[in-house]
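Asker: quick one: sequence and predicted model below, then my questions.
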Amino acid sequence: MPSTTARNAADDLADVERVLSGNAAAFEGIVRRWQGALVNMAWRYCRDRSRAEEMAQEAFVRAWRNLAQWRRESSFSTWLFALAANVFRNELKRFPAVNVPIEDIAEPSRPASQATALEEKSRHDAVRRAVLALPMRYREPVLLFYFHEMDVSAAARTMGLPQGTVKARLSRARELLRRRFPRLSEEYVAMESAASN
Amino acid sequence: MKDEMIDRVLASEEALLPSSGFTAAVMERIREETAAPQPIPFPWRRVMPGIVLGCGGLGWGAVELTRLAIAAAHDPQTITVPLSASALQPFESLGWSAVALVVAFATWFVSQRIGGESQLL
């Protein structure tokens, strides 16, 4: 995941140099290092496992074709994530993920009383589906913010947008989610008080 | 829903493991890309004279039309429509048809030669 970025920077650079000097097999090292991150990133965009792998594969092939365009001004991972985000965005424009409008996603009733793990999972799934139902301009900052472990600057770099814009869109996205799931705040309060007791 | 709740839900996403054949599938596509023949570059050098000639012809036509339009604006009596003349003279139109046929044949001949040299035909 993104935290491995620094650890792998030297390996990335070495592999890129080898690929650019004609050793195509060296690209395998890059794929092995970043496949998990790219598949997970694609999964957040479409929430369809097989499609996520297809989209991640396409991102790797696109990275292979454009490897010479990496300027080394940013880390390889930053470049790769930005390229992948572009690929995923375009893929979803061509064939949108099947999702329902945010208004149609039901909020579970009496959230405080629902204690089982299964119910919690379904509640969380509802929130995640609601994120997918957000308009793309709000959805992408949310997806990338949490993919980058709540790092606004990393999400902004991946999208090629100023941090302020990303923050504003995140705020708007949260507002839309809050409006859609008002009762979940009660659950949060209940959880907090239970934890303090 | 509070922001902390949203954070808790969305940050607790389980990591998805790529399937075991993922790397192999990507590398297979890379190998296919490497093995594929390089795209044939567009023959700019051969086409350039035609483009220049075409642009020149269009430019000349535009200049002539502008000239006629200016003349017509100054003196509406002197409007001449060269195309109507050819319509009135069948022999002249026959000549133009012959020229068009020759140009079409020459284009076909040149394309055959270019295609033959690059072993496309």
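Answerer: In hand now; what should we look at?
Asker: list the buried residues of stretch B:17-36.
Answerer: The neighbour-count check on stretch B:17-36 (16 or more other C-beta atoms under 10 Å in any protein chain shown) flags B:Pro18, B:Phe22, B:Thr23, B:Ala25, B:Val26, B:Met27, B:Ile30 as buried. (C-beta placed from N, C-alpha, C; glycine too.)
Asker: is it up against chain A anywhere?
Answerer: Yes - Stretch B:17-36 is in contact with chain A by C-beta under 8 Å from any C-beta of the partner chain, via B:17-19, B:22-23, B:25-27, B:29-31, B:33-34.
Asker: ignoring the adjacent residues along the chain, who's closest to A:Phe27?
Answerer: A:Val19 (5.1 Å; C-beta to C-beta, 6 or more residues apart in numbering or on different chains).
Asker: mind giving me the domain ranges of the chain?
Answerer: Going with chain A. Chain A breaks down by automatic domain parsing into domains covering A:2-94, A:102-196.
Asker: my question was about chain B, not that one.
Answerer: Split by automatic domain parsing, chain B gives B:45-80, B:87-121.
Asker: mean neighbour count added to the ones you listed, as TSV?
Answerer: Listed next are the domains of chain B as TSV, based on neighbours: other C-beta atoms under 10 Å in any protein chain shown:
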stretch	mean neighbour count
domain B:45-80	10
domain B:87-121	10
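Asker: which among the ones you listed is found nearest to A:Ala85?
Answerer: Each of the domains of chain B was scored for nearness to A:Ala85 using C-beta to C-beta, and the closest is domain B:45-80 (38.3 Å).
Asker: residue contacts, the residue nearest to A:Phe27?
Answerer: For A:Val19, the contact set (C-beta atoms under 8 Å, 6 or more residues apart in numbering or on different chains) comprises A:Ala26, A:Phe27, A:Ile30, A:Trp64, A:Leu67.
Asker: 10 Å instead?
Answerer: Listed by C-beta atoms under 10 Å, 6 or more residues apart in numbering or on different chains, the contact set of A:Val19 reads A:Ala25, A:Ala26, A:Phe27, A:Glu28, A:Gly29, A:Ile30, A:Ala63, A:Trp64, A:Leu67, A:Ala68, B:Ile30.
Asker: out of the residues you listed, which end up buried?
Answerer: A:Ala26, A:Phe27, A:Glu28, A:Gly29, A:Ile30, A:Ala63, A:Trp64, A:Leu67, B:Ile30.
Asker: which elements pack onto the strand or helix carrying B:Val102?
Answerer: Using DSSP states H and E, B:Val102 falls within helix B:90-117. For helix B:90-117, the packing partners by 3 or more C-beta pairs under 10 Å, 6 or more residues apart in numbering or on different chains; DSSP states H and E come out as helix B:44-74, helix B:82-88.
Asker: now it: mean pLDDT?
Answerer: In this model, helix B:90-117 has a mean pLDDT of 82.
Asker: do you know the pLDDT at residue 25?
Answerer: This is for chain A. 93.
Asker: nope, chain B
Answerer: B:Ala25 carries a pLDDT value of 96.
Asker: quick one: contacts for it?
Answerer: A:Val31, A:Glu53, A:Glu54, A:Gln57, A:Phe60, B:Pro18, B:Ser19.
Asker: just the CA atoms of the helix or strand encompassing the second one, as CSV, please.
Answerer: Right, A:Glu53. Using DSSP H and E, A:Glu53 falls within helix A:49-65. Taking C-alpha atoms only, helix A:49-65 is exported to CSV below (Å, rounded to 0.1, in the frame of the first residue of the first chain):
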residue,chain,number,x,y,z
ARG,A,49,-13.1,-7.8,-8.1
SER,A,50,-12.6,-9.1,-11.7
ARG,A,51,-13.0,-5.6,-13.1
ALA,A,52,-10.6,-4.2,-10.6
GLU,A,53,-7.9,-6.6,-11.8
GLU,A,54,-8.7,-5.8,-15.5
MET,A,55,-8.4,-2.1,-14.7
ALA,A,56,-5.2,-2.5,-12.7
GLN,A,57,-3.7,-4.6,-15.6
GLU,A,58,-4.6,-1.9,-18.0
ALA,A,59,-2.9,0.7,-15.7
PHE,A,60,0.3,-1.4,-15.7
VAL,A,61,0.3,-1.7,-19.5
ARG,A,62,-0.2,2.0,-19.8
ALA,A,63,2.7,2.6,-17.3
TRP,A,64,4.9,0.3,-19.4
ARG,A,65,4.1,2.2,-22.6
